[in-house]
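Trainee: Here you go, sequence then predicted model.
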Amino acid sequence: MNLKPLSVPSLPDLQPPASALSAGANTGLNSSIQLKSPQEIFSQDQFQTMNLATGSVPHAAPASETHYVNFSSMRGTKLDIPLYTSYGTPQSFSVKGRVIEAEASDPSVSDNWLDNLRRTAHQLKAEDKQNLWVDITVLGQIHRVKTDHEGFFELKLSAPGLQETGYLPVQAQLVPGQKHYYSLPSLGKVVLQNPAEMSRGVISDIDDTIQVSHAVNKTKMMETLLFKNPYTQQPVPGMAEFLTALDRHADGKIDGDVNYVSGSPLNIAPRLETFLTLHGFPEGAMDLKYMGLGAGRDNPTEQFNYKLGKIRTLFETYPNRSFVLVGDSGEKDPEVYREIALEFPGRVQAVYIHNVTGSQASDARFQGMVLFDNADQAAADAAARGLISGQEQMQVLAAVTQAAPQAY
């Protein structure tokens with residue numbers, strides 16, 4: 001048996017992904033969004049003195065451990081390990097992902113409806129890869145975690161000595177020698193923010209807020225989900241420029257200040273993250289539903305309490321951070337955002353609601369909020385409040401003007 005050693009990458013070798021997708025995904029996407037490299041995020045001195053403590057982890061290996069990959073075994077079944085972008089603090093963060101059978105091909109603009117249906121079905125109900133060991137590399141250390149009965153895994157970590165914030169690169173790979181499976185390394189990231197820092201963040205919905213999903217029409221919504229892909233699903237014009245401006249204007253850089261909270265299933269996270277990158281949206285952590293009716297699962301039909309809980313956790317995680325909230329009028333965003341503003345007085349700087357229901361701004365449910373038909377209207381209000389610059393407002397207006405009208 002011909003074994004070739006594969007050294008575990010040290011911190012300077014671990015490069016961040018061009019997108020939030022696993023290795024092997026289509027990378028011919030918008031390259032204008034630049035992630036920090038590990039060298040920019042952490043100095044080598046910080047790394048050497050880091051006290052990286054694990055939570056309930058089945059196995060932790062030192063950074064010096066060397067793994068061996070039998071490359072001839074790669075004739076077996078290839079598995080993918082999509083890593084889901086999560087958020088946290090140096091004191092508490094998680095690496096989350098799933099092990100599934102690899103897709104035959106990446107999505108493209110030329111895919112027909114049948115290609116998209118097959119790929120979506122694969123994402124929604126890929127064959128479960130349970131009880132498999134995965135090696136997670138974080139800050140030069142390897143931690144071993146086991147998948148649950150649906151192939152999901154979560155590794156909880158703490159790095160209390162960490163001073164820098166932003167994107168933390170992580171890597172995952174299937175431990176060799178398990179049945180006839182193999183995987184290529186998957187790259188992802190965790191967004192870390194300092195909970196003690198006075199700062200501003202953005203919380204945004206996804207469906208009909210930044211991408212055209214037709215959520216108010218359930219038949220059209222299902223057609224969009226099943227028969228579209230990140231290339232063919234349309235973004236809401238100007239919203240990429242608007243969220244990017246809010247992110248940049250918060251602290252002068254694009255470094256994960258946007259959190260996406262959606263009722264979409266966690267299974268399609270890779271698709272959504274491809275959509276964000278392809279259409280120029282700022283990258284950020286994403287809270288999606290872990291669908292199911294059992295303990296620890298999210299009810300597929302519940303929206304209000306689900307979103308309220310996720311957003312409440314964000315406010316509690318970063319107690320010194322204020323937020324701009326962005327959503328749409330189709331479901332429960334106005335009601336959820338109003339409740340959050342009541343629970344956390346003084347910490348909601350503005351609420352922007354995309355009007356997809358033909359509603360009137362005078363409706364009671366939008367009191368104190370900005371109801372907008374087009375993103376340039378939201379941008380004009382944000383510029384007046386000092387949340388974005390006048391130049392950024394003009395960029396949003398240009399994007400809306402150049403785009404074709406969207407029907408909801």
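Mentor: Everything's here; your move. Residues are numbered from 1 along each chain as shown.

Trainee: Next, the contact list for the residue nearest the centre of the chain, please.
Mentor: Among the residues of the chain, the one closest to the centroid is M286, at 3.4 Å (Cα atoms, centre = their mean). When contacts are counted by Cβ atoms under 8 Å, 6 or more residues apart in numbering, M286 touches 84-86, 259-262, 269, 272-273. In short, each C-beta sits where N, CA and C put it, glycine included.

Trainee: out of these, which are buried?
Mentor: By neighbour count, with 16 or more other Cβ atoms under 10 Å, those hold 84-86, 259-262, 269, 272-273 as buried.

Trainee: Same list (those) but as a markdown table, adding pLDDT and secondary structure.
Mentor: Converted to a markdown table, the buried ones among the contacts of M286 look like this (pLDDT from 0 to 100; DSSP: H, G, I helix; E, B strand; the rest coil):
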| residue | pLDDT | secondary structure |
| --- | --- | --- |
| Y84 | 95 | strand |
| T85 | 96 | coil |
| S86 | 96 | strand |
| N259 | 97 | strand |
| Y260 | 98 | strand |
| V261 | 98 | strand |
| S262 | 95 | strand |
| A269 | 91 | helix |
| L272 | 94 | helix |
| E273 | 94 | helix |
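
Trainee: Relative to Q367, which of these is nearest.
Mentor: Q367 lies nearest to V261 out of the buried ones among the contacts of M286, by Cβ to Cβ, at 21.9 Å.

Trainee: Who does that closest one form a beta bridge with?
Mentor: Per DSSP bridges, the residues bridged to V261 are D287.

Trainee: quick one, what contacts it?
Mentor: V261 makes contact with 203-205, 286-287, 307, 310-311, 314 under the criterion Cβ under 8 Å, 6+ apart.

Trainee: repeat that with 7 Å
Mentor: The neighbourhood of V261, defined by Cβ atoms under 7 Å, 6 or more residues apart in numbering, consists of 203, 205, 287, 307, 310-311.

Trainee: same question, I81
Mentor: Applying Cβ under 7 Å, 6+ apart, the residues contacting I81 are 22, 97, 99, 134, 172, 174, 183, 186.

Trainee: can I assume L155 is in contact with V134?
Mentor: No. Distance between L155 and V134: 8.6 Å, which falls outside the contact criterion (Cβ atoms under 7 Å).

Trainee: Identify the contacts common to the two.
Mentor: The contact sets of L155 and V134 overlap at V145 (Cβ under 7 Å, 6+ apart).

Trainee: Which residue ranges make up each domain of this protein?
Mentor: Listed domain ranges for the chain are 4-192, 199-402 (source: automatic domain parsing).

Trainee: higher neighbour count, L155 and V134?
Mentor: More crowded of L155 and V134, by other Cβ atoms under 10 Å: V134, with 26 against 23.

Trainee: Doesn't that one lie inside a strand?
Mentor: Yes. Judged by DSSP: H, G, I helix; E, B strand; the rest coil, V134 forms part of a strand.

Trainee: gap between it and S158?
Mentor: Relative to S158, V134 is positioned 19 Å away (Cβ to Cβ, to the nearest Å).

Trainee: same deal with T147?
Mentor: According to Cβ to Cβ, T147 stands 22 Å off from S158.

Trainee: what does T317 give?
Mentor: Here the distance between T317 and S158 works out to 14 Å (Cβ to Cβ).

Trainee: Which element, helix or strand, includes Q393?
Mentor: Q393 belongs to helix 390-402 when elements are defined using DSSP states H and E.

Trainee: Next one: D106 relative to P82, how far apart?
Mentor: 12 Å.

Trainee: wait, I meant V258
Mentor: 20 Å.

Trainee: before we move on, what about A403?
Mentor: A403 sits 30 Å away from P82, going by Cβ to Cβ.

Trainee: Mind checking which of these two has more residues around it?
Mentor: Neighbour totals were compared for A403 and P82, and P82 leads with 23 against 15 (other Cβ under 10 Å).

Trainee: In the stretch 201-350 of the chain, where is pLDDT below threshold?
Mentor: Along the stretch 201-350 of the chain, the parts satisfying pLDDT under 70 run over 291-301.

Trainee: wait, Y260 sits on V202?
Mentor: No. Checked against Cβ under 7 Å, the pair Y260 and V202 is beyond contact range at 9.3 Å.

Trainee: Give the burial count for K179, as a bare number.
Mentor: Counted with other Cβ under 10 Å, K179 comes out at 9.
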